[in-house]
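**Student:** no sequence on this one, just coordinates:
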Ligand SMILES: [Zn+2]
């Protein structure tokens, strides 16, 4: 029901007008129309009450308000008289068929690779990490040398690389960003760097020439391997569930020492052994380690004062496990029948 | 590398099961990737990281087992009977390139009977996937798998001059290796030669000419150390790799080199008979002097976050063969054993040695990192907003390849006139260009989807393009000048219509704080259909293109209906825009709205209509809103009817209808100057 304003301004009058006209519109039967007429326009009706308020309005507004009130009375009279004496009963509406399919508004999707990157970023952001970026076309220096991988060293075997020319290549790992970040600022550092990397692999279900990695780096005074374990366990539990257990296995990366592969207990079978974990009960999720003092030397950090850790994971592999998918070629095909599934 | 559990247990007689031993090895640095049951034995398949060449032989793995279990390592016998004259009287070794051959040893055995190997030897080799050749060659392979030292046996009578010369090849020299490969040698490489010719590519493969055959009677046994990098380069240059080169390029134990020679001689004598000449020809440029490395116990625990007791750490190092050489309550000083010479040089390396045996599981998982809030860059936040806008408008996010064929690079190039950068793509040879635009990639996605019957493909991608960097005109070139410019662009494809695409871009611009700041200016661009292409300007500079794809590109991508596409410099949009918002007071006065339909010539653009109305500077004109364009009945040919509405409002009062009417008339007057007539 339209409320009589307590004080009169063009705004309060406007509100009353909208409400009263809506009521007049809604009145369907002659009885309803008559009742509303009496309430709004009768001798003790609301419009009359509002006229009474005119005396309290600001003097300079009174002429305008008076004009508006007269106009409103005419509008209401027209609206209430114009009602037909007896509105014909509306024909019953047909039963609505709720089994008809809805009309879908358009909805795109985030690509599963970007979706994974966002999910992983989200967890690390909550742990205080910032996102860092670096070029995809890189200098040999950042991809290898400053990461303690000299030329003609067998450890380069695990990083076959596309070269543009002698010193310029397509980065084969996002670890390049580690060095660029350390060169550009002083500790404390807590960053992740997601991005594309390139390796001359023959494409099959589990290999591609283009894939995505996500690198992490923490450097400060007093950073320990226990901190690494803590951060990775928080991450793994955030992504794979609260009951995950984690273990470190020794490994080798030229830019960390000690280096470890990180396994989590299988999130499908809980460690009993199944097809996802190939009966091992454990799934390798990433590589990590304490930043090698040689890397600190390359960027001019005091390796006695600062310690740090780094980790890196393959985004495709994380995504494949999340989606229970076994062919990474689907990611670059962008078949909409595939993308629509997520 | 394959290895049988029985072989390992011979060297370190543990009582653990093969499975348990494998588990403990894997958790301490020697990854046993697969375990296969054999009759009466178990086969390990180990994945050895490049820093641990000492594990490329059974002795090395057994040494780890000993360190893990405390069961002592038992080295096999390497003694033999000497029953022939001194070797120096019959043979000689000269090393002309000591920088590539730090150690070379040779022994001579005469009167061997070359023939098939005994069963035990053949079976062991077969288990590790090595084909049995003959008893002498089999022994060299056996000892290599036993201790990691590659050996080579020469038919001594085929070595002219009875001489081994370790030298760089002369220009143009060639050698046919045992596997029949003709090697074109270069002076940067290293060969084993006799007095006349090369007889082996050092450390990689022997030559056919001097290989052991059934006719061989006298055997010269080489056990040597070759420089890692040169082996690696030579092996790659010749396309020739072997179990030997694999080990040499990772590094071998130079002290064990001599032991391996004795061990092999003993076994040759055992399986092929023969008389061993007295003595050893041994060139050793600089005998091994163990490096001394210090470990501070406090540092160990500071890096690991553990509380490893000093005596525990010291004991682990000792069990791994690091001999104590001083130290005190606060630190250990140890000598690096020769089999770890390549890998352990610093305190950090010793820390890893301790923790891998002590157990990574004993590191606590309670960190002490301080709480901190990371900064989120404008790019990050804007990317998030842009994706939500585009996905909300129905577009699918895609990820396409950075690599284009030459034909793909020729489709369109909105950002540069320079040709796309090339690289050597050994995998997919014709995809050897780095893209300068995403547009062709989206067309390729559309084509691929069309082949599956998916015809409506609203797509977008935000990714980098690679633009050749113009040469620096002033200042000294920085290191990164060698790199191209990488720019994040946003590309869109859709099938509906050009105005919807433009609307999506305007909606995006609005979300990025650039409402009303983009201008669209027609351009002539072969990629777009004639008269259907535009560039997008922001503050006068090009930040994008959009239009209807032209017939040439449609034909190239097998499209029967032209899609609509746009590409924007996303980084420029982010830099110019803002995600910050402030509140604007809502109006308190009513507005007066007047609709108009005006008939103008086809050449008159909406921009001009809006322009002349705005140029009137009517203070109360709040908004001009376009409705639609109509052509047809009641509109003469060559002209069009444009409908729009004018919203008038004063901030402080209700406008009278006279005021509104006179403003409307002023607008109509201005439109008349464009040749516009009111449509009634
Ligand atoms: Zn499982």
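**Tutor:** Looks like it came in fine. Every value quoted in this text rests on a predicted model; they were computed, and no experiment measured them.
**Student:** where does chain A have low pLDDT?
**Tutor:** Scanning chain A for pLDDT under 70 picks out A:82-87, A:154, A:157-158.
**Student:** that one against the ion: which residues are in contact?
**Tutor:** Counting by CB under 5 Å from the ion, the residues of chain A close to the ion are A:266, A:268-269, A:274, A:276-277. Yep, even glycine has a C-beta here, placed from its N, CA and C like the rest.
**Student:** just checking, residue B:372 touches residue A:128?
**Tutor:** Yes: the criterion here is CB atoms under 8 Å, and residue B:372 meets it with residue A:128 at 3.9 Å.
**Student:** higher neighbour count, these two?
**Tutor:** The neighbour comparison of residue B:372 against residue A:128 (other CB atoms under 10 Å in any protein chain shown) goes to residue A:128, with 16 against 13.
**Student:** right, and that one touches residue A:189 too?
**Tutor:** No: Residue A:128 lies out of contact with residue A:189 (CB under 8 Å); the separation is 11.0 Å.
**Student:** circling back: which residues are common contacts for residue B:372 and residue A:128?
**Tutor:** Overlap of the contact sets of residue B:372 and residue A:128 (by CB atoms under 8 Å, 6 or more residues apart in numbering or on different chains) consists of residue A:190.
**Student:** checking the closest residue to the ion within chain B next. Helix, strand or coil?
**Tutor:** With CB to the ion as the measure, residue B:23 is the residue of chain B nearest to the ion, at 16.6 Å. Following DSSP: H, G, I helix; E, B strand; the rest coil, the label given to residue B:23 is helix.
**Student:** from residue B:532, how far off is it?
**Tutor:** Separation of residue B:23 from residue B:532 (CB to CB, to the nearest Å) stands at 67 Å.
**Student:** quick one: the helices in the stretch 51-200 of chain A?
**Tutor:** For the stretch 51-200 of chain A, the helices defined by DSSP state H, counting those that start in this stretch cover A:62-81, A:112-126, A:140-143, A:176-184.
**Student:** which one of the ones you listed lies nearest to chain B?
**Tutor:** Ranking the helices of the stretch 51-200 of chain A by proximity to chain B (CB to the nearest CB) places helix A:112-126 first, at 5.3 Å.
**Student:** ok, the closest residue to residue B:552 other than its chain neighbours - contacts?
**Tutor:** Distances taken as CB to CB, 6 or more residues apart in numbering or on different chains put residue B:526 closest to residue B:552, at 6.7 Å, once the chain neighbours are dropped. Shown in contact with residue B:526 (CB under 8 Å, 6+ apart): B:412, B:550, B:552.
**Student:** around chain B, pick out the residues from the stretch 1-150 of chain A.
**Tutor:** Contact residues, the stretch 1-150 of chain A versus chain B (CB under 8 Å from any CB of the partner chain): A:10-11, A:14, A:64, A:105-111, A:113-114, A:125, A:127-131, A:135-139, A:141.
**Student:** which of those are buried?
**Tutor:** A:10, A:64, A:108-111, A:113-114, A:125, A:127-131, A:135-139 (16 or more other CB atoms under 10 Å in any protein chain shown).
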